[in-house]
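[1] Kindly generate the corresponding structure for this input.
(one chain, ligands or ions: 2)
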Amino acid sequence: MLPIVLPACRSGQAPPVLQPRSGPRPTPHGGSTVRVQIGVNGAARVVALDLEEYVRRTVGAEIVVSTADAAWAERIYEAQAMVARTYALANLGRHADEGFDLCSTTHCQVLPHTPRPTRWDDVIAAAVDATQGLVLTYDGRPIRALFHAHCGGHTSDADVIWPGTPLPYLRGVRDPFCLRERPAHWTFHIAAATLARALDGSPGTRVDGRLDGFQVVERDEAGRVLMVALTGARNDVMRGEELRSAIMRAEGPASLQSPRYTVRRDGDTFVFEGEGFGHGAGLCQTGMVGRIKAGHTPSDVLTYYFQGARLVSLDRLTS
Ligand SMILES: [Zn+2]
Ligand SMILES: [Zn+2]
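    Ligands and ions are numbered 1, 2, ... in the order given. As a prediction, the model looks like this:
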């Protein structure tokens, strides 16, 4: 059976900046406007969207509720809306050098280039309205509301996956709900030569054309790969997420789908077997769905994954 929920793939999300920001409060352009780049390359354009409109558009792209879960759809979208709003505010100006705030890919949050009507539009609109202005905060500022599709049973400390200042609300938590919701096992086969080519495609992961061995040398408590030793034309120890990003860039989002994997060599092929989808920090979307279906409120769900964070109305933050 198909997964009950098909969150948009967060696996390719770029490393976040984990240093707490001490800059201005959330709305640097005045009002709650988000400048978003829609489209890529020659077709790219920047549009200024009201924050709530931005949230409405991204929520439907970042999580798709299955018809079977219609009874919980509004609460699921309420939770995602609060995460989306918080993420947008915490990341305003992320692309300031390029003349906009957020892009519309998994690097920031996905926004459809051409919105098309879906069966959930009214539900999403109601969920965004019901949570209007609500954001997750820590120390009076919007948090880095990272999220991913499926943690495989345990999230990880964000600063372990990407080195940086530890953020108290981005600590690993146990999560049996996603596993109950749907399985998260995957296998990825790749020829050694293809893998070498993929790694040579990124400057930080070069193997100079030949890869003989790929060995995990360090994991975090949740089992996510932190460091990998490579042998071949050159021998090197590299950070797991850097390698995973390089492989995903070359082989697509269905390749190394999470940092929680084992790897073995089978002849000329490397075989990766893993659990979960996405980086594993912050909110687990599948676990969030499972919790809401079990009767947890959106607020309880969010403060479970972002421990110590508080939901606050934006009015109170900016006043
Ligand atoms: Zn971006
Ligand atoms: Zn989970």
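[2] How about the helix or strand hosting residue 243, which residues are buried there?
    Using DSSP states H and E, residue 243 falls within helix 240-251. Buried residues in helix 240-251, counted by 16 or more other Cβ atoms under 10 Å: 240-248, 250-251. Using the backbone N, CA and C atoms, a C-beta is placed for each residue, glycine as well.
[3] Over to stretch 108-115?
    For stretch 108-115, by 16+ other Cβ under 10 Å, it's 108-111.
[4] what helices or strands is the host helix or strand of residue 270 leaning on?
    Assigned by DSSP H and E, residue 270 belongs to strand 269-275. If you count contacts as 3 or more Cβ pairs under 8 Å, 6 or more residues apart in numbering; DSSP states H and E, strand 269-275 packs onto strand 185-191, helix 192-200, strand 261-266.
[5] Please work out which of these is packed deepest.
    helix 192-200 (a mean of 19; mean count of other Cβ atoms under 10 Å).
[6] got the angle for the strand holding residue 270 vs strand 185-191?
    160 degrees (axes from the mean of the first three to the mean of the last three Cα atoms, to 10 degrees).
[7] all helices for the stretch 201-319 of the chain, in order.
    In the stretch 201-319 of the chain, the helices defined using DSSP state H, counting those that start in this stretch lie at 240-251, 285-293, 298-305, 314-318.
[8] And those helices: which comes nearest residue 198?
    Between residue 198 and the helices of the stretch 201-319 of the chain, the tightest spacing by Cβ to Cβ is seen for helix 240-251, at 3.5 Å.
[9] buried ones in the one helix or strand in the chain whose mean pLDDT sits lowest?
    Within the chain, no helix or strand scores below helix 314-318, which has a mean of 79 by mean pLDDT, DSSP states H and E. Neighbour-count burial for helix 314-318, counted by 16+ other Cβ under 10 Å, picks out 314, 317.
[10] That helix packs against which elements?
    The elements that helix 314-318 packs onto, with contact taken as 3+ Cβ pairs under 8 Å, 6+ apart, are strand 134-138.
[11] roughly how far out does the strand it packs on sit from the chain middle?
    Centre-to-centre, strand 134-138 and its host chain are 18 Å apart (Cα atoms, centre = their mean, to the nearest Å).
[12] Residue 113 belongs to a helix?
    No. Secondary structure of residue 113 (DSSP: H, G, I helix; E, B strand; the rest coil): coil, not part of a helix.
[13] Which residues of the stretch 51-200 of the chain lie near ligand 2?
    Neighbours of ligand 2 within the stretch 51-200 of the chain, by Cβ under 5 Å from the ion: 151, 175, 178.
[14] what's the helix or strand where the last one lies packed up against?
    Residue 178 belongs to helix 176-181 when elements are defined using DSSP H and E. Helices and strands touching helix 176-181, as assessed by 3+ Cβ pairs under 8 Å, 6+ apart, comprise helix 285-293.
[15] And the average pLDDT for the helix it packs on is what?
    Helix 285-293 shows a mean pLDDT of 98 in the predicted model.
[16] between it and helix 298-305, how many degrees?
    Going by the same axes, to 10 degrees, helix 285-293 makes 140 degrees with helix 298-305.
[17] Give me the contact list for helix 285-293.
    Here helix 285-293 makes contact (Cβ atoms under 8 Å, 6 or more residues apart in numbering) with 3-5, 7, 10, 62-63, 65, 69, 72, 75-76, 79-80, 147-151, 175, 177-178, 180-182, 184, 298, 300-302, 304-305.
[18] Just the pLDDT at residue 178, thanks.
    The model reports residue 178 with a pLDDT of 97.
[19] ugh, typo on my part, it should be residue 2
    Reported pLDDT for residue 2: 31.
[20] Kindly report the same for the one 5 residues further on.
    We note a pLDDT of 45 for residue 7 in this prediction.
[21] Check the one 10 residues further on too.
    Residue 17 carries a pLDDT value of 47.
[22] so residue 102 bridges to which residues?
    Here residue 102 sits in beta bridges with residue 36, going by DSSP bridges.
[23] In the stretch 1-150 of the chain, what residue spans correspond to helices?
    Along the stretch 1-150 of the chain, the stretches classed as helices by DSSP H, counting those that start in this stretch are 51-62, 73-90, 121-130.
[24] What separation do you get for residue 66 and ligand 1?
    Residue 66 sits 28 Å away from ligand 1, going by Cβ to the ion, to the nearest Å.
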